[in-house]
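Participant: coords below, sequence missing:
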């Protein structure tokens, strides 16, 4: 609209008020992965206000504790240096030198003020399609899977993601056999090793999965630097990269398999938004357990992905975050909930 265009045109010249606010919450149950257990999530919400009163919202949502400390120092230092008022040029310069999680928050807020998403943009904020279901690691998996099947009301296929490389290897292979026996026809299975296997172990799993048409992909089975090993596996079964892409974004062009993209962890979301709007194939968006502010972006990106050539259920991890206003679709409600410590 003309009003939004005026706001976007005025970003460079006018002072933008920038605020950060911390948040924290506990997952409803611990998530065990190959790289450790996740119980608590903590980060910062961002509000970027134009002099007209219009706001753009972002979220700093680090999963790695070392990244969290770096983000905290960066936010403190830059906020003290720049004060509350910023130009678009200064924010883009800050973004370019920020940790990825901070760059996501800044880029998300700027994109909203620029009219690239939300507001009067075409489609506004889109709603996500049905999510894959995240299963816990190890011996907790069978009970969770049985509960999931018992609670299912809708018809159609189901997508499940199981965290592996987080328990005894022989036990996990037995659990895989159990899961494949009970997985419905037409279901989709994703296995996520979080880089926890060596090549020999990964090839053992490939042998167990070869010819399994319900396998959607094996996610990040090898170390984040082992592109060659992943390419060898890709010749035999579907494979997706996750952590490796964040460490080596240049691999996005060379990798022919699926890409698991976690917008809140990979920096300015505007390039990913453009890719999804253009229908780039084999991109799937996944959560880092964000609040409602980060989830708006994730849901919007998931809807765009679903409209593309290779639709895939997003990884929203339903049921793992607690209920409450911190997870509202209204960013102001999320902001106030963080202020109240809810």
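Facilitator: Done, it's in. Treat the numbers as computed from the prediction; the structure is a model and nothing was measured.
Participant: residue 169: how many residues sit nearby?
Facilitator: 14 (other CB atoms under 10 Å). For every residue, glycine as well, the C-beta is placed using N, CA and C.
Participant: please, which helix or strand holds the closest residue to it other than its chain neighbours?
Facilitator: Spatial nearest neighbour of residue 169, chain neighbours left out: residue 201 (6.4 Å); criterion: CB to CB, 6 or more residues apart in numbering. When elements are assigned from DSSP states H and E, residue 201 belongs to helix 199-209.
Participant: quick one: mean pLDDT over that helix.
Facilitator: On average, the pLDDT along helix 199-209 is 96.
Participant: what's the biggest helix by length in the chain packed up against?
Facilitator: Counting by DSSP state H, the longest helix found in the chain is helix 65-82. Applying 3 or more CB pairs under 8 Å, 6 or more residues apart in numbering; DSSP states H and E, we find helix 65-82 packed against strand 16-33, strand 36-49, helix 88-96, helix 100-113.
Participant: list the residues that contact the residue lying closest to residue 43 once chain neighbours are set aside.
Facilitator: Excluding the flanking residues, the one nearest residue 43 by CB to CB, 6+ apart is residue 61, at 4.4 Å. Residue 61 is in contact with 41, 43, 101, 104, 264, 265, 288, 289, 290, 291, 294, counting by CB atoms under 8 Å, 6 or more residues apart in numbering.
Participant: in the stretch 201-342 of the chain, which spans are strands?
Facilitator: Counting by DSSP state E, counting those that start in this stretch, the stretch 201-342 of the chain has strands at residues 215-219, 239-241, 258-261, 283-285.
Participant: ok, the second one: who's next to it in the sheet?
Facilitator: Put plainly, it is strand 239-241. strand 215-219 (parallel), strand 258-261 (parallel) (DSSP bridges).
Participant: just how off-centre is the longest helix of the chain within its chain?
Facilitator: With CA atoms, centre = their mean, to the nearest Å as the basis, helix 65-82 stands 21 Å off its chain's centre.
Participant: tell me the angle of it relative to strand 36-49?
Facilitator: 20 degrees (axes from the mean of the first three to the mean of the last three CA atoms, to 10 degrees).
Participant: residue 26 is in contact with residue 39, correct?
Facilitator: Yes - between residue 39 and residue 26 there is a contact under CB atoms under 8 Å: 6.2 Å.
Participant: how close does the nearest residue to residue 212 once chain neighbours are set aside sit to residue 214?
Facilitator: Spatial nearest neighbour of residue 212, excluding adjacent residues (CB to CB, 6+ apart): residue 180 at 6.8 Å. Computed as CB to CB, to the nearest Å, the residue 180 to residue 214 distance reads 8 Å.
Participant: can you check residue 311 too?
Facilitator: Applying CB to CB to residue 311 and residue 214 gives a distance of 17 Å.
Participant: and these two? which has more neighbours close in?
Facilitator: It is residue 214, of residue 311 and residue 214, that has more neighbours when counted by other CB under 10 Å, with 17 against 13.
Participant: the more buried one reaches residue 181, doesn't it?
Facilitator: No - counting by CB under 8 Å, residue 214 stays clear of residue 181, with 11.6 Å between them.
Participant: how close does residue 148 get to residue 184?
Facilitator: 11 Å.
Participant: before we move on, what about residue 49?
Facilitator: Here residue 49 is placed at a distance of 49 Å from residue 184 (CB to CB).
Participant: residue 166 now?
Facilitator: Distance from residue 166 to residue 184, by CB to CB: 24 Å.
Participant: between those two, who's got more neighbours?
Facilitator: More neighbours surround residue 166 than the other of residue 166 and residue 184, with 21 against 11 (other CB under 10 Å).
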